[in-house]
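Peer 1: Predicted model and sequence follow; I will ask about them next.
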Amino acid sequence: YFSFDTLFQKLHEFKAEKGHATPPLKHPELGRWVSETKANKKALREKGLEYEPKSLEEGESLADKPMDAPAMLGINLYLSEERLALLDSVGFVWSLAPPRMTWEERFEELRQFREQNGRFPT
């Protein structure tokens, strides 16, 4: 079983060596943990949460995935507010996809393009 602190330290070392905090999935120690951590964060966001409530015990999670899957991997995915802050502090990349824009934002972008260029983009 790898503790969060151990994995975070390994991530910190990875960043110092590679210059970024985005180990590939095939990385033997960090790949699966990073992938599962991102999935857990996404599941929390879908429930309208940014982090696990303090009322949960470590090892429990509100993620849609059954917690026995991460436990079988020997990793801890509990995402407290403090842990999220630590991950953010080393430049943890939560998603490689750009943030989605709302319909209104995209419409405004189109309106500005037409105003500046006198035409719609093709």
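Peer 2: Structure's in. What do you need? Numbering: from 1, shown residues only.

Peer 1: got the residue ranges for the helices in this structure?
Peer 2: Using DSSP state H, the helices assigned to the chain run over residues 4-18, 31-46, 68-73, 81-89, 103-117.

Peer 1: quick one: which of those helices is nearest L25?
Peer 2: Closest approach to L25 among those (C-beta to C-beta): helix 31-46, 4.4 Å. The way it works is simple: take the backbone N, C-alpha and C, and place the C-beta from them, glycine included.

Peer 1: buried sites along that closest one?
Peer 2: With burial defined by 16 or more other C-beta atoms under 10 Å, the residues of helix 31-46 counted as buried are 32-34, 36-38, 40-41, 43-44.

Peer 1: what's the closest of the helices of the chain to K54?
Peer 2: Nearest of the helices of the chain to K54, taken as C-beta to C-beta: helix 81-89 at 8.1 Å.

Peer 1: The closest one vs helix 4-18, what angle?
Peer 2: With axes from the mean of the first three to the mean of the last three C-alpha atoms, to 10 degrees defining the directions, helix 81-89 sits at 10 degrees from helix 4-18.

Peer 1: The closest residue to G31 other than its chain neighbours: neighbouring residues, count only.
Peer 2: Closest residue in space to G31, ignoring its immediate chain neighbours: L25 at 4.4 Å, by C-beta to C-beta, 6 or more residues apart in numbering. Neighbours of L25 under the rule other C-beta atoms under 10 Å: 9.

Peer 1: Make sure K41 is actually in contact with D88.
Peer 2: No - if you go by C-beta atoms under 8 Å, K41 and D88 don't touch, sitting 10.9 Å apart.

Peer 1: ok, the residue nearest in space to the middle of the chain to E13 distance?
Peer 2: By C-alpha atoms, centre = their mean, the chain has its centre lying nearest to W94, at 2.8 Å. In this structure, W94 and E13 are 20 Å apart, going by C-beta to C-beta, to the nearest Å.
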